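Visitor: With the sequence up front, the predicted model follows.
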Amino acid sequence: MFFFIIGLATIAFIIFRILEEIYKCLQPFPNIYAKYGQNCWAVVTGATDGIGKGYCQVLAQQNVNICMIIRNEEKAKNLIQELSNGSRSQFKIIVADFNKSLEEGFFDKIYKQIENLDIGLLINNVGVSHLAPLEKYNDNELREIITVNCFPIVFLTKKIIPKMLQRKKSAIINLSSFAGRVPMPYNQTYAASKAFDDFFSRSIALEYSNIDILAHRPMYVTTPMTNFKKGQGAISPIQAAKGALQRLGLEYSTHGHILHRIQGFFGAVVVPTFIRNKILKKEIRKLVKKNL
Ligand SMILES: NC(=O)c1ccc[n+]([C@@H]2O[C@H](COP(=O)([O-])OP(=O)(O)OC[C@H]3O[C@@H](n4cnc5c(N)ncnc54)[C@H](OP(=O)(O)O)[C@@H]3O)[C@@H](O)[C@H]2O)c1
């Protein structure tokens, strides 16, 4: 009887999770203005390349106003020119090097430039990664990973949240990674920083009920950070951005795109840990050898 009840409960749980997943998949792609306020602004960090650029491309298609916090103004101007083609979005550029996040007043200076915007969406995307056995990193690389990947997400969110609390509904997407879910050899500090982003995001999601907060944990995306190509199982930055935006308000964390959700489920849940660790060590060591 005991095993019968346990079996029944397990089957009921699996059916519930499948139905829940189907329900989420069937939800329409959100209209940002309808959901988070007409003519509101999206603030995107690290917007000039990779996934940040992908988010901007998707948002510009919906004519959402975009404020880019970036370090290369020329690159941002070129991107705005590209995005303006066929879009009614307004754009604003704020130049900031997040590697200087620890400087006194760094986030105050940024905030002064955005405090008059009606911010409906914040995308904490900026991030850096390096691959090497720990002892081979130079200290500046390690400092950069911790500074750029951890400080902006906390302090920018803290600055912007009071404004969001005065709004009816807002949203925050924080870029974590599959690497924030499972340990990554040779990418240890990055993985730890992404676990930080993931936990920070999921924790504040429980604090604020009128803000949809989502930790986006992509697997491989074809960006300058990874140098992966589409045929290697990676998806495009636009696909990654669309995958996460579709889950906004439905859950607190997601791998985003369907391919990444399947890879994430098998990688983190189904495959036994010792096999996953062996595969990761072998595959990432190949990348390290290529980089050294
Ligand atoms: N790519 C993936 O497969 C993957 C997977 C999981 C998670 N992620 C996460 O997704 C986010 C974006 O990754 P990505 O692959 O798109 O990276 P990326 O292609 O290297 O682009 C990073 C963006 O951040 C900017 N940036 C870097 N350092 C900065 C600094 N100190 N100050 C200001 N801006 C800076 C870059 O500016 P420039 O244009 O000037 O270089 C660029 O716009 C990261 O948080 C990463 O951890 C990526």
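Guide: Yep, it's here. Numbers count the residues shown, from 1 in each chain.
Visitor: What's the local residue count around the residue in the stretch 51-200 of the chain positioned nearest to the ligand?
Guide: Nearest to the ligand in the stretch 51-200 of the chain, going by C-beta to the nearest ligand atom, is G127, at a distance of 2.2 Å. From N, CA and C alone the C-beta is placed, and that goes for glycine too. Using other C-beta atoms under 10 Å, G127 is surrounded by 25 other residues.
Visitor: quick one: contacts for it?
Guide: Contacts for G127 (C-beta atoms under 8 Å, 6 or more residues apart in numbering) come out as G46, V148, N149, L175, S193, K194, M225.
Visitor: Can you pull out the low-pLDDT segments for this protein?
Guide: Applying pLDDT under 70 to the chain flags the ranges 292.
Visitor: Swap in 90 and give it another go.
Guide: Applying pLDDT under 90 to the chain flags residues 1-3, 227-233, 287, 289-292.
Visitor: quick one: the strands in it?
Guide: Counting by DSSP state E, the chain has these strands, from start to end: 41-45, 65-70, 91-95, 119-124, 170-175, 211-216, 253-254.
Visitor: Sheet-wise, list the partners of the third one with their directions.
Guide: Strand 91-95 sits in its sheet next to strand 65-70 (parallel), going by DSSP bridges.
Visitor: TSV please, covering the strands of the chain and showing mean neighbour count and distance to the ligand.
Guide: Below are the strands of the chain laid out as TSV (neighbours: other C-beta atoms under 10 Å; distance: least, C-beta to the nearest ligand atom, whole Å):
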stretch	mean neighbour count	distance to the ligand
strand 41-45	25	7
strand 65-70	24	6
strand 91-95	17	9
strand 119-124	27	8
strand 170-175	26	4
strand 211-216	26	8
strand 253-254	22	12
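Visitor: closest one to I5 among the ones you listed?
Guide: I5 lies closest to strand 253-254 among these, at 30.7 Å (C-beta to C-beta).
Visitor: Which strands or helices does that closest one pack on?
Guide: Helices and strands touching strand 253-254, by 3 or more C-beta pairs under 8 Å, 6 or more residues apart in numbering; DSSP states H and E, are helix 188-205, strand 211-216, helix 237-247.
Visitor: among the ones you listed, which is the most enclosed?
Guide: Greatest average neighbour count among the helices and strands packed on strand 253-254 goes to strand 211-216 (a mean of 26), per mean count of other C-beta atoms under 10 Å.
Visitor: Need the residues that contact that one.
Guide: Contacts to strand 211-216, defined as C-beta under 8 Å, 6+ apart, come from residues 161, 164-165, 169-176, 180, 197-198, 201-202, 204-205, 240, 244, 247-249, 251-254, 256.
Visitor: Parallel or antiparallel, which strands does that strand pair with?
Guide: According to DSSP bridges, strand 211-216 has these partners: strand 170-175 (parallel), strand 253-254 (parallel).
Visitor: and the protein, which residues reach the ligand?
Guide: Residues of the chain found near the ligand (C-beta under 6 Å from any ligand atom) are 46, 48-52, 70-72, 75, 97-99, 125-128, 148, 175, 177, 194, 218, 220-221, 223-226.
Visitor: Give me the PyMOL select line for those, limited to the buried ones.
Guide: Those of the residues of the chain next to the ligand that count as buried under 16 or more other C-beta atoms under 10 Å are selected in PyMOL with:
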select buried, resi 46+48+49+50+51+52+70+71+75+98+99+125+126+127+128+148+175+177+194+218+220+221+223+225+226
